[in-house]
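*Asks:* Prediction below, plus the sequence it came from.
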Amino acid sequence: MTSKHDILKPKYRLSKAHSDHSDGECGIEEDLTIGVAFRCSDGIVLAADRWRKKGDSGTYVTKVRSFKPRKDLIGAMVGAGVSDFIDAAFDRVDEALKDGMTLLEARRAIDRVRRTIYKEDIQPIAEHDEEPRFSFLVALWSRKGGFCLLSGTSRAPASAVHDRNYKAIGKGAPLANCLVKTFYSSDGFWEGSCEEAALISTMTLKLVKDFVEGCEGRTNIIAVMENRLSNPRSSHAVEEAEDRFVGFFEILRQVFSNLTLRQDSDSFYDEQFRLLKSNLQRFAADHCQNPLLVRRFPREEKTRHTSQGQECTRI
């Protein structure tokens, strides 16, 4: 059972050593991200917020980014942690991936990049200061091997997230995990499609952004599908979907406000999340075919071809 301590404790907190200096010089940018990934029956969905923190302020960026299209290999990535290293990892992985790679070869290439960044860029800093860290999710499709979702950190090798499963990274991960688990079967697997995962990703990120400081901005979504990348029809489609989730905020507010006020907070917590689970599942079942929501990832009627011959669908 997920405990209240798991939900309320941030997964990563920027240390004083990495914050803005008193003389006004900017410190290291820190992505206090919520990033989620679903292994679905027809592909992989990645979603994240857009807020990048820098000292006491920040900016909005696109965190779910796709790699350059290749003939037999496509993919996307999202990272959380120190932005300098996330950006470097994305750029170097993008260069390391080659046409015709198998998934095993791609995984090894990604881990070589991670290891190089750790040894050459992070360890020298760690000798004199607290070690900066980052985590990442990479979704790949290869003609030779199908789909693969990889999860790793600056210190840990990239490992495969098993079929029909889910992963979250960043400060908002504990709350996201609690919400997403309400849609899982009793054996711990996700049974849905990219279409359904897009809806649940939108719902989850909206709730996390409302309750976890540092997770803000619009939601970015990319689905890695067979031989193509897919996106929501528009940002307005995502926002319209988010507007429908306001009714769940009050349940979460009751849970969090009562955790410290009630002596029987554990029983109250369990009861409220059972109610939330029931309401979320009913909402998803009632609205998964609503054309205003994020949907129709599998449809191909609006496919365009890139100069490299790779299909990329906007839906």
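*Replies:* Yep, that arrived. Numbering: from 1, shown residues only.

*Asks:* Low-confidence ranges, the stretch 1-150 of the chain, go.
*Replies:* 1-29, 55 (pLDDT under 70).

*Asks:* And the strands in it?
*Replies:* Secondary structure of the stretch 1-150 of the chain (DSSP state E, counting those that start in this stretch): strands located at 30-31, 35-40, 43-48, 51-54, 57-60, 65-66, 73-82, 134-142, 146-153.

*Asks:* could those go into CSV alongside mean neighbour count and distance to Ala96?
*Replies:* The C-beta positions use only the backbone N, C-alpha and C, and glycine is treated the same way. Formatted as CSV, those follow (neighbours: other Cβ atoms under 10 Å; distance: least, Cβ to Cβ, whole Å):
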stretch, mean neighbour count, distance to Ala96
strand 30-31, 29, 22
strand 35-40, 27, 20
strand 43-48, 29, 19
strand 51-54, 20, 24
strand 57-60, 12, 27
strand 65-66, 19, 15
strand 73-82, 27, 11
strand 134-142, 25, 11
strand 146-153, 20, 13
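
*Asks:* For those, give me a markdown table that also has distance to Thr182.
*Replies:* Shown next, in a markdown table, are the strands of the stretch 1-150 of the chain (distance: least, Cβ to Cβ, whole Å):
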| stretch | distance to Thr182 |
| --- | --- |
| strand 30-31 | 26 |
| strand 35-40 | 14 |
| strand 43-48 | 17 |
| strand 51-54 | 25 |
| strand 57-60 | 29 |
| strand 65-66 | 29 |
| strand 73-82 | 22 |
| strand 134-142 | 21 |
| strand 146-153 | 21 |
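
*Asks:* Quick check: which of those is nearest to Pro124?
*Replies:* Minimum separation from Pro124 across the strands of the stretch 1-150 of the chain (Cβ to Cβ) falls at strand 73-82, 14.0 Å.

*Asks:* Partner strands of that closest one, with direction?
*Replies:* Applying DSSP bridges, strand 73-82 is found paired with strand 30-31 (antiparallel), strand 65-66 (antiparallel), strand 134-142 (antiparallel).

*Asks:* Need those strands in JSON lines (columns: distance to Gly214).
*Replies:* Formatted as JSON lines, the strands paired with strand 73-82 follow (distance: least, Cβ to Cβ, whole Å):
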{"stretch": "strand 30-31", "distance to Gly214": "8"}
{"stretch": "strand 65-66", "distance to Gly214": "20"}
{"stretch": "strand 134-142", "distance to Gly214": "15"}
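
*Asks:* Could you work out which of these reaches nearest to Val208?
*Replies:* Closest to Val208 of those, according to Cβ to Cβ: strand 30-31, at 13.9 Å.
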